[in-house]
Structures are given as structure tokens and as C-alpha cells.
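*Asks:* I would like the atomic coordinates for the input below:
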Amino acid sequence: MKSVSPLAGFVAGAVLFLAGCTTRSISNSGFENSARRYGAQIGGYVGELSELDVIGVTADAVVTEADIHTALEGPRGAKLSRSSKVLLIQSGADYPDAPMLEAMQGKFAVSSFSGRPAPRNDATATLSKSLRLIAARGGYDTIVCYWGVLESARENKITSVVSWVPLVGSVIPDEREHMRLRLKAAIVDVASGRWTFVNPPSVAASELSARVTRKETDQGLVENLKAEGYRTLARTLAENHTE
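*Replies:* Numbering: from 1, shown residues only. Here you go, the predicted structure:
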């Protein structure tokens, strides 16, 4: 029998593990099975806002050295203050997720606005100005838009244990799902259009599941990671980006 080197075994295991890797938006985080996703956002998921949509910079804008020097000489970035009135937007969603809204409302005066992207056109900067106008008319001085990506992988739990008890295979925990949530947020000053990006630490968890509990396990991980990640993001905004 041909032997297998430790390196080859490691590579094979890595391929097996990575074969189950998936990514999804926090705004389209339902369980996916056989190319069908369950639990999508109300109204249907149609994609994400881009960073350029929110900060008002067009990818094909003609930028001069003078523009760069002027930006360097003026005030930079944007910050929240304890008295900020925040218009909160979750990219890709009709409404911000409830745990994020609750986490932010514990620290700032917050209301929400839709983050569903409009049909694409060449006027990217117009969307940013429209959002700032909407915020200004509503009495909000700051826009916070956030994005999130859930990364997950399933690890097959292959064993050679012999059991003399009749078992139904579908209820045996046979996979461990590993999941990580990465978030980022843009703070936009409504009056000036200045902006700052914030990247809180990622959060991760894992749990065993069986075939009949795969969806419940997956969605439990999603909800727990969202709640933890949103608290971390709100705390990061409050602690490190206030004036």
C-alpha cells in the first residue's frame, strides 16, 4: 500500500476543509442549501452600496495634484461626538439589523435609513450628496454606513468509532461550522462631506451540527456573531472616534 507523506495529508485535509468555504453579506445572511438561500432580507437582496457611493468620490474623477494638496491642508476625516445625531445605514438592507440599531441607540441619537442600492449610473457623487441632504433635512449631522461579511467553512468530522447502538445518521453531529464576521463603517460629516473609515476587530465562533440541524446551527452562529460584532462596532465608534 502506497504511503502518504504528512505534507500530502495536510494538503488533502486543507482542500477538504476549504472546499466548504463561503462568504455572504450581513444583509443576505440566510442559510444557503443547494444554491438556495433562506431568510433573506425583506424586499429581496439586490446588492451593496459601494464605499464610493457613500463618500462621494467617482472612480473616473479627474484628480489634480492641487486637489490632493488642498485636501491635505484642510480639516481631515470625520468624528462622532456624544451629541451627534446619526443617520444609520446598513449597506444592502432595507433597515439596519435590530441589534446594531440597539447598540448604537445606547450611545448616540440614532435613526435609520435604507441601504438598498439604486440602479447604477455614472453619478456616484450624486448619491452621497442626496444622502447628506436627506440627513440635513432630518436634522442629522452625521451619517454612519456599515458593511459586513460573514465568512464560513465546514469541517467534516470523520471518525472510525464503532457503535453497537442503532443510530439515525442524520442526527449525528458530523460537521463543525467555523464562522467569522468582519465589519467596517464609514462616518460621513453631513456639513462638509469629510469621512473616516472604521474597522473594528473581527469576531469568530464555531459549532458542531448534524444534517437535520444544519440550518438552525448556521443561523444561530450568524445571529450570535452579529450581536457581538455590532456591540464591538458601536463601542469602537464611541470610544475611539468621538470628540
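*Asks:* Show the end-to-end separation of stretch 68-81, please.
*Replies:* Length of stretch 68-81, first residue to last, Cα to Cα, to the nearest Å: 27 Å.
*Asks:* Off-centre distance for that stretch?
*Replies:* From the chain centre to the centre of stretch 68-81 is a distance of 26 Å (Cα atoms, centre = their mean, to the nearest Å).
*Asks:* wait, isn't residue 128 in contact with residue 54?
*Replies:* Yes. Counting by Cβ atoms under 8 Å, residue 128 touches residue 54, with 6.1 Å between them. The C-beta positions use only the backbone N, C-alpha and C, and glycine is treated the same way.
*Asks:* Between these two, which is the more surrounded one?
*Replies:* Higher neighbour count among residue 128 and residue 54: residue 54, with 26 against 22, using other Cβ atoms under 10 Å.
*Asks:* hang on, residue 97 packs against residue 91?
*Replies:* No. Contact criterion Cβ under 8 Å: residue 97 and residue 91 do not qualify, at 11.5 Å.
*Asks:* burial count for residue 77?
*Replies:* Here the count is done by other Cβ under 10 Å, and residue 77 has 11 residues near it.
*Asks:* and the nearest residue to it once chain neighbours are set aside, what are its bridge partners?
*Replies:* In space, and not counting its chain neighbours, residue 77 is closest to residue 196: 4.1 Å by Cβ to Cβ, 6 or more residues apart in numbering. Beta-bridge partners for residue 196, by DSSP bridges, are residue 187.
*Asks:* what's the nearest residue to the residue nearest the centre of the chain if we skip its chain neighbours?
*Replies:* Central residue of the chain (Cα atoms, centre = their mean): residue 148, 0.7 Å from the mean position. Nearest residue to residue 148, sequence neighbours excluded (Cβ to Cβ, 6+ apart): residue 26, at 3.5 Å.
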